[in-house]
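*Asks:* Dropping a prediction and its sequence here:
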Amino acid sequence: MTSDADYQMRGHRVHPFKQDEIEQIAESACRVVKLRRSSFRAGRAEKLVSRLEDCGIYVDVVQDEQWLGFTRATVDPQKGMIYMPAKLYSQLCRGQAEAIRIFLHELGHIFLCHKPLLHFTEVKPTKECDSEWQADLFADSVIAQLGLQKVDRQLELQI
C-alpha cells in the first residue's frame, strides 16, 4: 500500500477535497442534474445530455477517425465541455458500464471545478489534491448512489 508520502499524482494538482466532501458534491450533482439510475439505461443518455445542456454542460462527440486516442475522453471544466469519440458516446447510449464511468469521471471534473493550481511547493502531493483521484471518486460515488454497475478500473492517459 502506498503511503501519502509516496503518492504519485495522475493529474493536475487542484484544490484538495476529502472523500466525504466529494461524495456530498456527487450527491448534490445527482440532485441538480436529476441523475437517476434510469438516466443510463440504453437509449436514455441522449436525454441526459440534453438536460446537461440546460445546466451549461455540453458534450462534443468527435468522429472516431478524428479522435487522437491519447485518452478515452477529455474535458474542459471551465467551458463545461466534455469531448468524447463517437464510439464511446455510442457505448454510453447503450448503457455500457465502463462508458458510464468514463462519462461520470469527466462530469466530475466539471462539478469539482477543476482548474490546475500552478505553484511551487515543498509539500508532497496527496491523493486529495489529485484531479484524477477526485474525478474517479466522484464517478464511483455517483455509481454507488444510483446503484449502477461498478467498473474496477482507473482512468488514465493512454500512451
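*Replies:* Nice, I can see it. Numbers count the residues shown, from 1 in each chain.
*Asks:* CA only for contacts and neighbour counts going forward, please
*Replies:* Will do.
*Asks:* how much distance is there from stretch 109-119 to the middle of the chain?
*Replies:* 12 Å (C-alpha atoms, centre = their mean, to the nearest Å).
*Asks:* do stretch 72-83 as well
*Replies:* Remark: stretch 72-83 is offset 9 Å from the chain centroid, using C-alpha atoms, centre = their mean.
*Asks:* what about it, how long is it end to end?
*Replies:* End-to-end distance of stretch 72-83 (C-alpha to C-alpha, to the nearest Å): 9 Å.
*Asks:* quick one: the helices in the chain?
*Replies:* Here the chain has its helices, by DSSP state H, at 19-33, 45-54, 86-93, 97-111, 131-146.
*Asks:* averaging pLDDT over each of these, which comes out lowest?
*Replies:* Here the lowest mean pLDDT among the helices of the chain goes to helix 45-54, at a mean of 92.
*Asks:* between it and helix 86-93, how many degrees?
*Replies:* 100 degrees (axes from the mean of the first three to the mean of the last three C-alpha atoms, to 10 degrees).
*Asks:* Report the distance from helix 45-54 to the chain centre.
*Replies:* For helix 45-54 - counting by C-alpha atoms, centre = their mean - the centre lies 16 Å from the chain centre.
*Asks:* Could you pull out the buried residues of that helix?
*Replies:* A45, E46, L48, R51, L52 (16 or more other C-alpha atoms under 10 Å).
*Asks:* Just want the angle from that helix to helix 97-111.
*Replies:* Counting by the same axes, to 10 degrees, helix 45-54 points 0 degrees away from the direction of helix 97-111.
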